[in-house]
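Student: my questions are about this predicted structure, shown below with the sequence.
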6 protein chains.
Amino acid sequence: MEKKNIASVLPATVDALTKCKLGNVLAECQHDGEPMPSGRVLADVVELVRSIVFPGFFGDAYKDDNTLEYRTGLNIAKVYDLLSEQIHAGLCFANVDGKKERRKMAKAMAVEFVEFLPELRRRLLMDVVATYDGDPAAKSYGEVISCYPAIKAIGNYRMAHKLIEIGAPLIPRIISELAHSETGIDIHPGAQIGDYFTIDHGTGIVIGETCIIGNHVKLYQGVTLGAKSFPVDDAGNPIKGIPRHPILQDNVIVYSNSTILGRVTIGKDAVIGANIWLMEDVAPGTQVVQRKKI
Amino acid sequence: MEKKNIASVLPATVDALTKCKLGNVLAECQHDGEPMPSGRVLADVVELVRSIVFPGFFGDAYKDDNTLEYRTGLNIAKVYDLLSEQIHAGLCFANVDGKKERRKMAKAMAVEFVEFLPELRRRLLMDVVATYDGDPAAKSYGEVISCYPAIKAIGNYRMAHKLIEIGAPLIPRIISELAHSETGIDIHPGAQIGDYFTIDHGTGIVIGETCIIGNHVKLYQGVTLGAKSFPVDDAGNPIKGIPRHPILQDNVIVYSNSTILGRVTIGKDAVIGANIWLMEDVAPGTQVVQRKKI
Amino acid sequence: MEKKNIASVLPATVDALTKCKLGNVLAECQHDGEPMPSGRVLADVVELVRSIVFPGFFGDAYKDDNTLEYRTGLNIAKVYDLLSEQIHAGLCFANVDGKKERRKMAKAMAVEFVEFLPELRRRLLMDVVATYDGDPAAKSYGEVISCYPAIKAIGNYRMAHKLIEIGAPLIPRIISELAHSETGIDIHPGAQIGDYFTIDHGTGIVIGETCIIGNHVKLYQGVTLGAKSFPVDDAGNPIKGIPRHPILQDNVIVYSNSTILGRVTIGKDAVIGANIWLMEDVAPGTQVVQRKKI
Amino acid sequence: MEKKNIASVLPATVDALTKCKLGNVLAECQHDGEPMPSGRVLADVVELVRSIVFPGFFGDAYKDDNTLEYRTGLNIAKVYDLLSEQIHAGLCFANVDGKKERRKMAKAMAVEFVEFLPELRRRLLMDVVATYDGDPAAKSYGEVISCYPAIKAIGNYRMAHKLIEIGAPLIPRIISELAHSETGIDIHPGAQIGDYFTIDHGTGIVIGETCIIGNHVKLYQGVTLGAKSFPVDDAGNPIKGIPRHPILQDNVIVYSNSTILGRVTIGKDAVIGANIWLMEDVAPGTQVVQRKKI
Amino acid sequence: MEKKNIASVLPATVDALTKCKLGNVLAECQHDGEPMPSGRVLADVVELVRSIVFPGFFGDAYKDDNTLEYRTGLNIAKVYDLLSEQIHAGLCFANVDGKKERRKMAKAMAVEFVEFLPELRRRLLMDVVATYDGDPAAKSYGEVISCYPAIKAIGNYRMAHKLIEIGAPLIPRIISELAHSETGIDIHPGAQIGDYFTIDHGTGIVIGETCIIGNHVKLYQGVTLGAKSFPVDDAGNPIKGIPRHPILQDNVIVYSNSTILGRVTIGKDAVIGANIWLMEDVAPGTQVVQRKKI
Amino acid sequence: MEKKNIASVLPATVDALTKCKLGNVLAECQHDGEPMPSGRVLADVVELVRSIVFPGFFGDAYKDDNTLEYRTGLNIAKVYDLLSEQIHAGLCFANVDGKKERRKMAKAMAVEFVEFLPELRRRLLMDVVATYDGDPAAKSYGEVISCYPAIKAIGNYRMAHKLIEIGAPLIPRIISELAHSETGIDIHPGAQIGDYFTIDHGTGIVIGETCIIGNHVKLYQGVTLGAKSFPVDDAGNPIKGIPRHPILQDNVIVYSNSTILGRVTIGKDAVIGANIWLMEDVAPGTQVVQRKKI
């Protein structure tokens, strides 16, 4: 029997992958000839936004009286260019008719995002302060900005959440997954999160799409704010969009690896200990602790 | 006392690192003058395979009637070139005599991998459907492909598992660790996993080398399918290759942060709740839940 | 009402981000005109150190009688150049007066780090042996070096810990966070860790700043060695630098997802099972296991 | 008097260069917001065309049964994309109204250029043969293609001349100047040149816009085929487009550093010696030689 | 006899090239540990200056109301940074004592160059007009800026000449040689050239160090304005710095391949024909033509 | 009539360029599946050699006690790797049977070239001295090395000539054409050139394949040392390899734009003036000058 080699295998494999239909799964979400959203480009957008918001800590723009204005101007212009392209690509996933209309919408959305940048810095600086105040190991605000995955994950969340408010499909999820990959912290951009939010260590945290989180909340690594179960429709498919994740009121702390499931409310000032498994409301001010194991 | 500087320190440090023997640990696994496997190159291979399997979602190949065939052809040829080099480098870790023989084997293995690509797409599309069906937050198949770490981790697993079947040493483990680093999901390429497999969030999941997982199984973040303990030989070293990880039959669901250890069988349709710690068989259809903690 | 476009929005946004004061949070940690530490450059440093310590497994320097010495020499010189710059940038976060003095200190510190490289290899090879011995799935030392996130995380830790000993501010934390992002393993560079240390899988591990870990210790994924609570000063701010994390003596094993909090001592040869939650001392030789859940 | 530094000089210089009007010279040829033609992009186009026409000799496409088709397909698609953009940018220099119309024209022109590629190869191979036959130092056709500046200069000329026929403004001149810079051979794209054309050495050759050159013509380095003088209009400006350069009929040879000026005709089979200065017709078959100098 | 291989040859060759003295020729011009001027960096400087002076025609800065100011600001800042480094490196070739003093001088010189940029644009636009007016083949000012080697060569000359005036050693010569390589036009930066200067085709032109050229002068390809011979000192070495090249007064035209040698004066409005060889003064208004050759 | 677009034109054009035979011209010089020589790679080789020979003036290797040895070692190793590949590719143009034999020959040739590097530096430094001594405008040896195209052209010539001696086909010609493109100086690598050779300005110089040039010779721009005519064989093809270019004995000077054709001998100490046209022997010590033209 003759041995196969690449010369004989290549054309047939190319045919099998291109000549046949791509299948409904792939076909549904591609407008002919229009590019798809790109995780790599969005990673560049995120890096640019970080360098605009925290000049010197990210990117090449640092506090330098001579060129800060020029660098910032150019970086914002790049954010606008790349993001309007990406939003346009993401609109392929929405029911928006007309390439021209999609392009116009995408530009208007990107303008709205650009206007949000000073507010984004203002809010992230509050998160930096909360992180510094909450960790005895933190030596300076600068260390928090440079090193803490919390700031990267929360930063991406606040960008992505804004894009959800603006109405951009798909792009927000890619941005939140970029932070998930980078930090192990998985915050759905649909969640609502207040000011002075902080996370310690963070790996394994999951914050579901319909979570509502107040101000001055702190989460430790491995915390899940998830859904208990979800109703299915007559065809057995999950019904999308129903509130199904926890509400955490102001000043709540949840220690490491605890799991809170379902549309429960953790009241103001409550403290949830480590490794707790919770599916019920917790009254304000309550301290929930695990019984000793040994 | 005189201060040291780099000029005085550099040559001695170079000598200490190169003139002495590299030690048995390093020396055992290097054939003189042959390159070692490279994580960076294998990351390029993975990205190319993703762009072949999901054109438009990854890489620069998108659904475009004009060039899809050319791009696919070239990308497959690149996969073949890079992968046959990497497999060849990996064969240094096996007892294969002769550089020429290793090169020939590596090429044949890479051809076999190329032939697998259409099947890889077929199977991954089933995983995409399973992921979409299982998450109320998912808005489209496209979102699942673009964003969900599950698809990246399962994709790398299916590539790496195929390479294990083909007989390539080391390379499969590097590919699975690339996904581990990217997603926090650690699937050993030796595990056997059925169709319509899905993972939600995923960070912290560990699936051991001898796991057997059926069809339509779903895992949440933080789930460990691990070994309980392992027998050691007379010298006290662990005996390698013994079945020591769980079997999950069809339709099993394991919720977040649960740990299943040892060669136990979780029967068909069983549901394991969150934060469970399990070292025993579970009968088909059973629901295992944690007792309330408060 | 007229529609906004980027031309009208850009100048105002640039002004909002640059013309106003950057605020105390950003301003405190920037010396005018001096660059800040860069995560990207430090990632290059880490990659260079890996290629020096494990030639062939990382970077372009492999065991090749012709050029190993030249590559190693050049790579060390690059480490020195990049690291002395980065340490200098990090000294902005310390109270060191005078640009010239900072530059001199930074160079001396980088020299000290370069001298440590042969010792770093010696210690990491012990960690490689420990990792190989502890995992039945490991096929060779080479596989451990190439693939295991443990080696990357422990390697970054040992670099970063040395830099703490040398007295470099901030840089060690950035290096440990690079490994955290890459592996999901979060080891504070201030921790003290003995020889033959190993980690299996590793995602979600947290090792706090004041931990003390003996020789031959092994940790599984999801283990937290954290602080219970921390005293605050009169102003309500956490008091920094107090010993507040566990001590693990020689030969301790901690299985997956267990949490040990506070300045407790886990005695020699103790084994802590999976999913345990511990806030007390454990006597030498004790086996702590979770009660069955079903 | 205080010393100037960059901080004080930069803003004023930026203002002087941007806030004032750019002047008629610059302003006339820029449509707002539309990019200008780029020499760098056109250099890429030229390199791609060379790799399509002479696979293996230029670019990464070489004669390799497996991928030649894919590489060629992709390279042509890139030529189309880049060239249609560049032609569009060049149309800013013509009086074509409407961005949409310009884009449509540019695409049609680029399609026409793509169709010309097989013909381009056919003609250049004739030039290769002529070059090989005419130089005793040439060892093979391959050497001629790889090394001879004649092939680069004639190749760019044939591309650029086609683009003139197609009606693309400016782009042809940039392409011919790329060859001029690379080879010292300056062929205006408007010239008409027959088959089996060759150039030896070539540096300093000038072939004017309205030259007509037959088949089997050969030129040596430093030859000028220029204009004698040109009529000016009433305002004293040169009248553009008048035939003012020499006609060389079939089989003419012109040796090094000779200068032929004006609309003269050098008849079939004529040979013009080195360092000749000519402003008159030369009858077919004539040998024009310089008188001895010593 | 045994065959040599690279392993045996490499160390001895490295020693031969590094262990021995570098010789007086190399040694004289290197300050220990200080970088040398770099042609590549200066090529970047030239490209940046072109993009500042002719936005849209070179580089990425084009006439775009949104970002022109930012791009220009950043490009000028880059010119300043790179050029001050290069001038500093060039000062190694002058007798300037003290690294600190050299650095200070270099910065002051770079500031002076930055201030010259608006004047540079003003003068080059005059050269553009002269070039357009003098060539019937030129279709627009834009074509002249985009394509004509004259503008590149004259642009580099005007930059380099300014740097001579500022007092920077060596750097001006490198900049003029960059244009020489790019265009075949060799203008010594020490030459003095008036306004509305133009060159047609240009390959082979040589303009010597002590030339003085008036306004509205035009040169064709191959023209040499050289030195006849030069006096030597007692040791037989050429005496440097003596005026030894031609003076061309206003409105002079020199046609292709003519050679003018020595400190002669070509009077106002004189026209020198092609292929002329001249070593004497020419009265104003004279037309010098070659006798017919046939 | 329907308009063509790229989708309809692309496949047919690809077919026309790939499915048909490539023709004898292209086909003769390609071994299946083996790469062709690459001008880009050889340009890298040239740059590396320049950085080895003139450390600090080219490349990143400068006189720096710490790393010069490492950089030089690595640069030589790169030269060896790249050059042995290129020589191997070039051997496709020779009648050498067997891929393995070609590879072995290529490596041995590259070793020989590496051994030549110290001698190359020694000879080029003589050319630098000759250039400095011959130009009153030269301010230092360093300026000559940094700026003078003569050194680049002569350097490439000496590399290429050595490769001819070693027996490498084609590669020498590509290297000499790289210098021709960069400097306008066209020296055939087959020419024999003595020590202390120099060129002033250089654009347009042509030195033919069978030239023999003594020591201390100097040429100015535009000089041609060419063939008068060449005998053809019975088929009308030029007979290759016959001595047909001039011999210049020691101390000869040829001024700008002069042409010397045929196997003539220019005797020791002769001086040939500018714009001379010569086809006869010149006795030693003779001064050949052009008659005045006016």
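Tutor: All right, it came through fine. Numbering: from 1, shown residues only, chains lettered A, B, ... in the order given.

Student: give me the below-cutoff pLDDT ranges for chain A.
Tutor: A:1-3, A:20-33, A:60-65, A:230, A:290-294 (pLDDT under 70).

Student: what's the domain layout of it?
Tutor: Domain assignment for chain A, taken from automatic domain parsing, gives A:36-183, A:191-294.

Student: quick one, the strand or helix carrying residue A:73 and helix E:68-90 angle?
Tutor: Under DSSP states H and E, the secondary-structure element containing residue A:73 is helix A:68-90. Counting by axes from the mean of the first three to the mean of the last three Cα atoms, to 10 degrees, helix A:68-90 points 120 degrees away from the direction of helix E:68-90.

Student: now check helix A:68-90, is it near chain B?
Tutor: No - with Cβ under 8 Å from any Cβ of the partner chain as the criterion, chain B is not reached by helix A:68-90; the gap is at least 9.1 Å. (Each C-beta comes from the backbone N, C-alpha and C, glycine too.)

Student: and that helix, what other elements does it pack with?
Tutor: Helix A:68-90 sits against helix A:39-53, helix A:99-134, helix A:171-183, helix C:6-18, helix E:68-90, with contacts defined as 3 or more Cβ pairs under 8 Å, 6 or more residues apart in numbering or on different chains; DSSP states H and E.

Student: only C-alpha atoms, please: export the last one in CSV.
Tutor: Only the C-alpha atoms of helix E:68-90 are listed here, as CSV (Å, rounded to 0.1, in the frame of the first residue of the first chain):
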residue,chain,number,x,y,z
LEU,E,68,-2.7,66.1,11.9
GLU,E,69,-1.7,68.2,14.9
TYR,E,70,-1.1,65.1,17.1
ARG,E,71,0.8,63.2,14.4
THR,E,72,3.0,66.2,13.6
GLY,E,73,3.7,66.8,17.3
LEU,E,74,4.6,63.2,17.9
ASN,E,75,6.7,63.0,14.7
ILE,E,76,8.6,66.1,15.6
ALA,E,77,9.2,64.7,19.1
LYS,E,78,10.5,61.5,17.6
VAL,E,79,12.8,63.5,15.3
TYR,E,80,14.1,65.3,18.3
ASP,E,81,14.7,62.1,20.3
LEU,E,82,16.4,60.2,17.5
LEU,E,83,18.4,63.1,16.1
SER,E,84,19.7,64.2,19.5
GLU,E,85,21.0,60.7,20.0
GLN,E,86,22.5,60.5,16.6
ILE,E,87,24.2,63.9,16.9
HIS,E,88,25.5,62.8,20.2
ALA,E,89,26.9,59.7,18.6
GLY,E,90,28.4,61.8,15.9
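
Student: tell me which residues of that helix are tucked away?
Tutor: Applying a neighbour-count criterion of 16 or more other Cβ atoms under 10 Å in any protein chain shown, one finds E:68-77, E:79-90 buried in helix E:68-90.

Student: contacting residues around the most centrally placed residue in chain A?
Tutor: The central residue of chain A, meaning the one whose C-alpha is nearest the mean C-alpha position (Cα atoms, centre = their mean), is residue A:176 at 2.2 Å. Applying Cβ atoms under 8 Å, 6 or more residues apart in numbering or on different chains, one finds that residue A:176 lies in contact with A:156-157, A:160, A:186-189, B:147.

Student: what angle do helix C:6-18 and the helix holding residue A:73 make with each other?
Tutor: Note on geometry: by the same axes, to 10 degrees, helix A:68-90 and helix C:6-18 are set 130 degrees apart in direction.

Student: top of the contacts of residue A:176 by neighbour count?
Tutor: With neighbours set by other Cβ atoms under 10 Å in any protein chain shown, the maximum within the contacts of residue A:176 is found at residue A:187, which has 30 neighbours.

Student: quick check: it touching residue A:153?
Tutor: Yes - assessed by Cβ atoms under 8 Å, residue A:187 is found in contact with residue A:153 at 6.2 Å.

Student: what do those two both touch?
Tutor: The overlap between the contact sets of residue A:187 and residue A:153 (Cβ under 8 Å, 6+ apart) consists of A:179-180, A:205.

Student: related to what we said a few turns ago, winner for burial among the helices and strands packed on helix A:68-90?
Tutor: Neighbour counts averaged per stretch over the helices and strands packed on helix A:68-90 are highest for helix A:171-183, at a mean of 25; criterion: mean count of other Cβ atoms under 10 Å in any protein chain shown.

Student: and that helix, how far out from the chain middle?
Tutor: Here helix A:171-183 is found 5 Å from its chain centre; the criterion is Cα atoms, centre = their mean, to the nearest Å.

Student: got it, and stretch A:235-252?
Tutor: Per Cα atoms, centre = their mean, the displacement of stretch A:235-252 from the mean C-alpha position of its chain is 17 Å.

Student: in the stretch 101-250 of chain A, what residue lies closest to chain D?
Tutor: residue A:107 (12.6 Å; Cβ to the nearest Cβ).

Student: how about that residue, what does it touch?
Tutor: Under the criterion of Cβ under 8 Å, 6+ apart, the contact partners of residue A:107 comprise A:84, C:5-6.

Student: report the angle between the axes of the strand or helix carrying residue A:152 and helix A:39-53?
Tutor: Assessed by DSSP H and E, residue A:152 sits inside helix A:149-166. Here helix A:149-166 runs at an angle of 110 degrees relative to helix A:39-53 (the same axes, to 10 degrees).

Student: other SSEs contacting helix A:149-166?
Tutor: In this structure, helix A:149-166 makes packing contacts with helix A:39-53, helix A:99-134, helix A:141-147, helix A:171-183, strand A:186-187, strand A:192-193, strand A:198-200, helix C:171-183, judged by 3+ Cβ pairs under 8 Å, 6+ apart.

Student: tell me which of the ones you listed lies nearest to residue E:228.
Tutor: Proximity to residue E:228, assessed across those by Cβ to Cβ, is greatest for helix A:39-53 (59.7 Å).

Student: close to chain B, is the closest one?
Tutor: Yes - legend: contact between helix A:39-53 and chain B by Cβ under 8 Å from any Cβ is shown at residue A:39.

Student: so residue A:132 sits against residue A:144, correct?
Tutor: Yes - under the criterion of Cβ under 8 Å, residue A:132 is in contact with residue A:144, at a separation of 5.0 Å.

Student: residue A:78 and residue A:47 touch, don't they?
Tutor: No - look at residue A:78 against residue A:47 with Cβ under 8 Å: they stay out of range, at 10.3 Å.
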